[in-house]
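Colleague: can you look at this prediction? I've put the sequence above it.
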Amino acid sequence: MKSNSFLKTAGTVVSSAVVLTLIALCAVFSDYSLSENQKSTMNILLVICSCSIIYCFTVGEISRNFSQMDKLWSLLPIAYSWITALRGGMKTRLVVYALIVTAWGIRLTVNFARKGAYNIKFWTGVEDYRWAVVRAKPFFRNKFAWAAFDLLFISMYQNLLVLAICFPALACMESTKPFGAFDVIAAVFSVLFLVLETVSDEYQWKFYQKKIKLLSENGSLEKLPQPFNLGFNISGPWAYMRHPNYLGEQGIWISLYVFVIGAKIAQNAVFHWSFIGPLALVLLFMGSSALGEAISSKKYPRYMDYINSVFKYVPARKYKIDE
């Protein structure tokens, strides 16, 4: 158990170091020159982003529902992508990018909506359960500490991150290179990752809906049939990976970055500055997955066994209940 824990910690440290190194390379080996059209488009996107930051913080503090940004997470990239495509002359590369982001956004919005997140009163609805867990930590019981976290991380950082993951489209705006092999690769892989995320969420949704129904009939987790008595999902892709949906999400945005390579906007396009957004998303999911696993480990006795048996993103082995 200790060796597994050490390996997981070491893996997280190494992964973080790799991502931070890539971010540094993108920051150093980039040409930051933008055309006037790109600058004016960036200004429009920043205005939208700024309005969203103000909205999320103000409404979150007043309503005490801190999932305001969660509701906008799937909607803002659609707006950013189509604004960029329109101002970029509706080039094929930009339109394909925007169509994929739109499909991604519709899927995520539907998935979040069926959990009760949206309401006619937009500021209400079900809050992401993780915010309540974070708020319960001793440091955040201080209302000023929580307000600072709400402003800096929930409202500001997440809004800026959502804007940043759409930077590859902005970077491609002025490219005159025709739609080519790298663009096909970007489109195909982003769609494949979108399918993985969609399938994973569907298995997750059906499992928890069935578990809720069984709990209402049986009263306690221990009385449920396998695998529902575990408390967590091990059906479909979840039997082979702990976070197939997170793999799909990160894979989509990294794949979309490949459009920048296809656009050949710079000789060092592999380390272009617009890659910073997708890489920062990877860092976010490192923290998000760690938080989710810590919560599940406290709720479900067999979850640590699941962690020690199945990799986070690599489908190398299948989890077996009786092993």
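Modeller: All right, it came through fine.
Colleague: which residue is the nearest non-sequential neighbour of the residue nearest in space to the middle of the chain?
Modeller: For the chain, the residue sitting closest to the mean C-alpha position, by CA atoms, centre = their mean, is residue 249 at 5.3 Å. Nearest residue to residue 249, sequence neighbours excluded (CB to CB, 6 or more residues apart in numbering): residue 197, at 5.7 Å. For the C-beta atoms, the positions are set from N, CA and C on the backbone; glycine is no exception.
Colleague: pLDDT of the helix or strand encompassing that neighbour, averaged?
Modeller: Element membership of residue 197, judged by DSSP states H and E, is helix 181-218. For helix 181-218, mean pLDDT is 95.
Colleague: one step back: specify the local secondary structure of the residue nearest to the centre of the chain.
Modeller: helix (DSSP: H, G, I helix; E, B strand; the rest coil).
Colleague: helices of the chain, start to end?
Modeller: Taking DSSP state H as the criterion, the chain carries its helices at 2-28, 36-63, 68-72, 76-87, 92-113, 129-135, 143-149, 158-164, 167-171, 181-218, 244-263, 276-299, 303-309.
Colleague: low-confidence bits of the stretch 51-200 of the chain, can you list those?
Modeller: Low-confidence segments of the stretch 51-200 of the chain, defined by pLDDT under 70: none present.
Colleague: mind running it again at 90?
Modeller: Residue ranges of the stretch 51-200 of the chain with pLDDT under 90: 115-125, 128-130.
Colleague: so what's the residue nearest to the centre of the chain up against?
Modeller: 193, 197, 281, 285 (CB atoms under 8 Å, 6 or more residues apart in numbering).
Colleague: select from those the one having the most neighbours.
Modeller: Highest neighbour count within the contacts of residue 249: residue 197, with 24 neighbours (other CB atoms under 10 Å).
Colleague: now do the same contact list for that residue.
Modeller: Contacts of residue 197 (CB under 8 Å, 6+ apart): 107, 244-245, 247-249, 252.
Colleague: rerun at 6 Å
Modeller: 245, 248-249 (CB atoms under 6 Å, 6 or more residues apart in numbering).
Colleague: returning to that earlier point: dump the helices of the chain to TSV, plus distance to residue 319.
Modeller: Output for these, formatted as TSV (distance: least, CB to CB, whole Å):
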stretch	distance to residue 319
helix 2-28	14
helix 36-63	37
helix 68-72	29
helix 76-87	33
helix 92-113	23
helix 129-135	23
helix 143-149	34
helix 158-164	31
helix 167-171	35
helix 181-218	13
helix 244-263	12
helix 276-299	14
helix 303-309	5
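Colleague: which of these sits most buried?
Modeller: Mean neighbour count (mean count of other CB atoms under 10 Å) peaks for helix 167-171 among the helices of the chain, with a mean of 26.
Colleague: so which elements touch it?
Modeller: helix 76-87, helix 244-263 (3 or more CB pairs under 6 Å, 6 or more residues apart in numbering; DSSP states H and E).
Colleague: got those helices as a markdown table, with distance to residue 189 columns?
Modeller: Formatted as a markdown table, the helices and strands packed on helix 167-171 follow (distance: least, CB to CB, whole Å):
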| stretch | distance to residue 189 |
| --- | --- |
| helix 76-87 | 17 |
| helix 244-263 | 4 |
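Colleague: nearest to residue 17, of those?
Modeller: Of all the helices and strands packed on helix 167-171, helix 244-263 sits nearest to residue 17, with 17.1 Å by CB to CB.
Colleague: roughly how far apart are residue 134 and residue 69?
Modeller: According to CB to CB, to the nearest Å, residue 134 stands 14 Å off from residue 69.
Colleague: just residue 33 next, same as before
Modeller: From residue 33 across to residue 69, the span is 31 Å (CB to CB).
Colleague: repeat for residue 19
Modeller: Distance from residue 19 to residue 69, by CB to CB: 22 Å.
Colleague: do the same with residue 210
Modeller: Distance of residue 210 to residue 69, computed by CB to CB: 30 Å.
Colleague: likewise for residue 219?
Modeller: On the measure of CB to CB, residue 219 and residue 69 end up 36 Å apart.
Colleague: and if you look at residue 36?
Modeller: Distance of residue 36 to residue 69, given as CB to CB: 31 Å.
Colleague: do residue 282 as well
Modeller: Distance, residue 282 to residue 69, by CB to CB: 19 Å.
Colleague: and residue 85, by the same measure?
Modeller: With distances taken as CB to CB, residue 85 is found 24 Å from residue 69.
Colleague: just the pLDDT for residue 268.
Modeller: Value for residue 268, per-residue pLDDT: 56.
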